[in-house]
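Q: My questions concern the predicted model and sequence given below.
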Amino acid sequence: MRTATTVKEWHSYGGRVTGVTLSDGRREEVDAVLIAIGIDPNLQLPRALGLPIQSGGVQVDEGLRAADGVYCAGDIALHPHPVLGESIRVEHWEVAKHHGRGIGSSIASGHAPVTRLPYFWSDQYDVSLEYRGHASGQDRAIWRGDKEGLHFSVFYIRDGRIHAVLSINDKKVNEVGGKLIESRRTVDEKTLADVSTDLSELLPTAAG
Ligand SMILES: Cc1cc2nc3c(=O)[nH]c(=O)nc-3n(C[C@H](O)[C@H](O)[C@H](O)COP(=O)(O)OP(=O)(O)OC[C@H]3O[C@@H](n4cnc5c(N)ncnc54)[C@H](O)[C@@H]3O)c2cc1C
């Protein structure tokens, strides 16, 4: 993965792409090229139904209801997340899967806020990546663990609270991080970054 660089020049031989020169001057040889330019959700059907469209998605309530008898899940749902306190639209499998269950609960009970935090994981060779919550460009990033040894987590903090946690080969911290997000407790950044702190001790006890 090459970050902070763009493709400056393509190289080809015999009608096939064979390499790229990057804007930082490096040249990479390639067997194949995949161009990922992003996607837009298909809002044709919600538009035809006259559902409220905002920020590229369908505005739903906490229980994923967009209008009387109409519910939206997954990529197209702009969901006011009751735990995170903001409207989010997330393009990940686990979110779409859980939204389906959430809609089932909402329909069965009349109204059930969907509270599960957004989550995704990916395994890339010896790197296991997990992410819980929803960070924004305004968050402060607090690192914890061994960056060079690829065993660390990054907490994304806004107004003293954790909004997201990204972990590399650090599953336990990611799980506790999720609970800390759900607790909505304010946290001390130095304590979070200190690997000698047992993060589960920061969680609220039954007594509060
Ligand atoms: C290249 C790629 C890689 C991805 N990799 C990952 C990954 O590694 N991990 C991860 O968590 N997520 C990944 N995602 C995101 C993940 O695929 C989506 O978040 C997930 O599929 C969303 O589910 P969904 O049901 O909301 O939408 P979709 O899976 O897009 O399903 C929507 C369906 O509605 C149909 N449809 C649309 N309009 C109409 C209509 N008018 N009438 C009838 N049918 C209609 C569409 O044809 C489609 O089948 C990836 C997405 C892409 C594009």
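A: It's in. Predicted model, so just to flag it, every value in this text is computed and none were measured. Numbers count the residues shown, from 1 in each chain.
Q: Name the residue of the protein with the shortest distance to the ligand.
A: residue 74 (2.0 Å; CB to the nearest ligand atom). The C-beta positions use only the backbone N, C-alpha and C, and glycine is treated the same way.
Q: Excluding covalently adjacent residues, which one is nearest to that residue?
A: Leaving aside its sequence neighbours, residue 74 sits nearest to residue 96 (CB to CB, 6 or more residues apart in numbering; 3.4 Å).
Q: List the residues that contact the residue nearest to residue 57 when sequence neighbours are not counted.
A: Sequence neighbours aside, residue 78 is the residue nearest to residue 57 in space, at 3.6 Å (criterion: CB to CB, 6+ apart). By CB atoms under 8 Å, 6 or more residues apart in numbering, the residues touching residue 78 are 54, 55, 56, 57, 58, 59, 60, 87, 88, 89.
Q: ditto for residue 112
A: Contacts of residue 112 (CB under 8 Å, 6+ apart): 63, 102, 105, 106.
Q: go on, residue 138?
A: residue 158.
Q: List the contacts of the helix or strand residue 108 falls within.
A: Residue 108 is part of helix 93-109, with elements assigned from DSSP states H and E. Helix 93-109 is contacted by residues 63-65, 71, 73-75, 77, 79, 112, 114, 116, 118-120 when judged by CB under 8 Å, 6+ apart.
Q: Please narrow the residues you listed to those residing in strands.
A: 65, 71, 77, 79, 119, 120 (DSSP state E).
Q: ok, and the most crowded of the residues you listed?
A: Neighbour tally across the ones in strands among the contacts of helix 93-109 (other CB atoms under 10 Å): the maximum, 28 neighbours, falls on residue 79.
Q: Excluding chain neighbours, what is closest to that one?
A: Residue 79 sits nearest to residue 60 (CB to CB, 6+ apart), 5.6 Å away.
Q: Report the contact partners of the spatially most central residue of the chain.
A: Central residue of the chain (CA atoms, centre = their mean): residue 134, 5.1 Å from the mean position. Taking CB under 8 Å, 6+ apart as the contact definition, residue 134 lies against 81, 84, 86, 88, 90, 117, 118, 163, 164.
Q: and the first one, bridged to which residues?
A: To tie it back to what came earlier, the one meant is residue 81. residue 86 (DSSP bridges).
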